[in-house]
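Predicted model and sequence below, questions to follow.
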Amino acid sequence: MFKIGKVFHLTHVIEDLEAVDRWYDEIFSCQRFYHGYEKAAVREASLLVIADIVMEPVQLAKVPGAEQSPIGKFRARFGEHFHSIAWYVDDTAACIASLDARGIRQVGLTGKPITEPRRGIATWTHPKDTHALFEFAEANYTNDPRLDPGWSAAFWRDEHPLGIERTSHITVLFKDLQDARDVYQGSLSGRPLHETEVPGVSRSVFFAIGEDTVIEATQPLRSDTPEGQDLERNGEGIFGFTFRSRNLQKAADFLTSQQQPI
């Protein structure tokens with residue numbers, strides 16, 4: 001059995017990486033530890049730390065045939081949108097075997113199906129089987145500063161005007177919350193934390209996953225809410241994520257000063 005560790009990163013597909021990098025710098029004072037081109041995935045991307053989470057904005061590379069890559073097909077269908085959640089695991093081969101035993105299809109970096117367990121840098125699930133796209137990777141090929149001894153996210157809590165204490169949760173949309181239980185409890189050995197309902201609007205179940213992740217699985221009950229509109233337009237998948245701030249008014253004032261709608 002494999003063990004899930006920290007969240008590696010939360011990926012979103014964007015149109016202009018330079019502009020998005022600049023936005024992250026201006027709003028979050030992020031710590032960027034990667035910016036580059038991946039030929040096999042036909043993409044350009046950054047990896048940047050905000051408090052306890054890493055964001056990965058991804059832009060389709062401007063090369064011939066890029067539109068036929070997995071990122072190209074995703075962009076053509078969904079536009080700018082959250083793409084996937086990546087976790088560190090202790091053993092990718094065991095992860096592949098465990099997910100395969102549960103009937104979860106998987107692909108490699110270039111989108112080709114993985115047909116047998118093997119050790120590699122990462123595996124990606126088929127979003128139809130896990131109701132969102134997941135990546136699982138071993139930590140030994142990154143220079144993620146959060147894995148260094150003595151790493152601290154105190155700057156974002158104590159000095160940055162947003163006062164970010166930590167990531168509260170990642171929200172994933174479902175048509176049926178039983179599917180969420182099957183994925184997060186069954187396949188990922190998660191622990192249910194809390195259930196809540198806004199009558200006539202939405203139902204949610206929160207799950208603890210791995211070392212530090214809370215997933216909010218949400219079933220919209222109306223199509224005129226942001227969650228309902230996203231589910232209707234794009235289907236099941238990642239909707240957003242929430243930071244916990246020590247001072248919401250100070251955070252709101254800062255965002256307003258940066259011309260960010262709130």
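Looks like it came in fine. The model shown is predicted, which means the values in this text are computed figures rather than measured ones.

Would you mind listing where the chain has pLDDT under the threshold?
Along the chain, segments meeting pLDDT under 70 span 117-120.

please redo it, this time with the cut-off set to 80
Within the chain, the ranges that satisfy pLDDT under 80 run 1, 110, 115-121, 140-141.

After the biggest helix by length in the chain, heading C-terminal, what element do we hit next?
Longest among the helix segments of the chain by residue count, using DSSP state H, is helix 17-28. Next along the chain after helix 17-28, taking DSSP states H and E as the criterion, comes strand 31-38.

before we move on, back to that, for the longest helix of the chain, which residues meet the burial criterion?
For helix 17-28, the neighbour count (16 or more other CB atoms under 10 Å) marks 17, 20-21, 23-24, 27-28 as buried. (Glycine included, C-beta is placed from N, CA and C.)

where along the stretch 101-250 of the chain do the strands fall?
In the stretch 101-250 of the chain, the segments counted as strands under DSSP state E, counting those that start in this stretch are 106-107, 122-125, 133-137, 164-173, 191-198, 202-209, 213-220, 237-245.

Contacts made by the shortest one with the rest, please.
For strand 106-107, contacts defined as CB atoms under 8 Å, 6 or more residues apart in numbering pick out 70, 96, 99-100, 113-114, 123-126.

Unless I'm misreading it, residue 91 sits right up against residue 139, doesn't it?
No - counting by CB atoms under 8 Å, residue 91 does not reach residue 139; the two are 11.3 Å apart.

Let me know how buried residue 56 is, in neighbour terms.
When neighbours are defined as other CB atoms under 10 Å, residue 56 has 20 of them.

try the one 10 residues further on
Residue crowding around residue 66 was assessed by other CB under 10 Å; the count is 15.

could you pull out the helices for this protein?
Using DSSP H, helices in the chain cover 17-28, 70-78, 92-101, 127-130, 154-158, 177-180, 226-234, 248-257.

Would you mind putting those into TSV with distance to residue 57 alongside?
Below are the helices of the chain laid out as TSV (distance: least, CB to CB, whole Å):
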stretch	distance to residue 57
helix 17-28	5
helix 70-78	12
helix 92-101	24
helix 127-130	19
helix 154-158	18
helix 177-180	26
helix 226-234	18
helix 248-257	19
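
who wins for proximity to residue 52 among those?
Nearest to residue 52 among those is helix 154-158 (8.5 Å), distances taken as CB to CB.

List the buried residues in the closest one.
Residues 156-157 are the ones in helix 154-158 that count as buried (16+ other CB under 10 Å).

same deal with stretch 85-95?
85-89, 91-93, 95.

cool, stretch 144-160 as well?
Buried, per 16+ other CB under 10 Å, within stretch 144-160: 144, 146, 153, 156-157, 160.

cool, stretch 62-77 as well?
By 16+ other CB under 10 Å, the buried positions in stretch 62-77 come out as 69-72, 74-75.

wait, which of these is closest to residue 259?
residue 75 (26.4 Å).

Make CSV from the buried residues of stretch 85-95 and add distance to residue 48 to it.
Converted to CSV, the buried residues of stretch 85-95 look like this (distance: CB to CB, whole Å):
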residue, distance to residue 48
85, 16
86, 14
87, 18
88, 17
89, 22
91, 27
92, 24
93, 29
95, 25
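
Any idea what residue 107 is bridged to?
Bridge pairing for residue 107 (DSSP bridges) gives the partners residue 113, residue 124.

can you check residue 213 too?
residue 209.

That one: what's it in contact with?
4, 6-7, 85, 87, 170.

so which two of the buried residues of stretch 85-95 are the farthest from each other?
Farthest pair in the buried residues of stretch 85-95 (CB to CB) is 85 and 93. Separation: 20.5 Å.

Look up how far residue 247 lies from residue 102.
Using CB to CB, to the nearest Å, residue 102 is found at 43 Å from residue 247.

before we move on, what about residue 216?
23 Å.

Tell me which of these two has more neighbours.
Taking neighbours as other CB under 10 Å, residue 216 and residue 247 compare with residue 216 leading, 23 against 13.

I'd assumed residue 206 was in contact with that one.
Yes - in this structure, residue 216 is within contact of residue 206 by CB under 8 Å, at 5.3 Å.

Alright, that wraps it up for me.
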